[in-house]
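S.K.: Sharing a model prediction with you, sequence too.
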Amino acid sequence: MPGISDTITVTSVLGRFLEHSRIYAFEIEGEEREVYIGSADLMPRNLDNRVELVVPLVEEAARGEVFDVLDRSLADEEGAWRLSEDGSWTPVMPDGAGRSVQRELLAGRSRGVGRTPPGAAARPAPLRQPRAGAPHAW
């Protein structure tokens, strides 16, 4: 929409993993970036018949981790597609070779990034415990 969405870029990153980050970031020059995380894509099929949640991130360490994932995702070349004005999707790097956010994040996990260091306090137990035989882990 001319004059409204001229500075909006929509990027989709496809890869081997079905689940992906749902990060909504907003930035106005001269102001602090706002960032929200959510439970689903904000599409009618997800919003019309169930409850979805989007929450702001205010804790600095969490914001830093989420902005790292977002920055890597927006720099992805291998699996990234951009939405054009006519509604079509175009690959960022058509030959499929280049930087991959999924490969980078997997490499970080294999080096222990994001894990509790030895001697550090473990994460607290979840508030709700799963029922015996429940199909989900909390």
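M.R.: Yep, that arrived.

S.K.: ok now the lengthiest helix in the chain, how far from the chain's centre?
M.R.: Among the segments of the chain that qualify as a helix by DSSP state H, the longest is helix 60-75. Chain-centre distance of helix 60-75: 8 Å, with C-alpha atoms, centre = their mean, to the nearest Å.

S.K.: Averaged pLDDT, whatever helix or strand comes next after that helix. What do you get?
M.R.: Remark: after helix 60-75, the chain's next helix or strand is strand 80-83, criterion DSSP states H and E. Averaged over strand 80-83, pLDDT sits at 90.

S.K.: what helices or strands is strand 80-83 leaning on?
M.R.: The helices and strands touching strand 80-83, judged by 3 or more C-beta pairs under 8 Å, 6 or more residues apart in numbering; DSSP states H and E, are strand 11-13, strand 89-91. (C-beta placed from N, C-alpha, C; glycine too.)

S.K.: got the ones you listed as CSV, with mean pLDDT columns?
M.R.: Shown next, in CSV, are these (pLDDT from 0 to 100):
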stretch, mean pLDDT
strand 11-13, 84
strand 89-91, 91
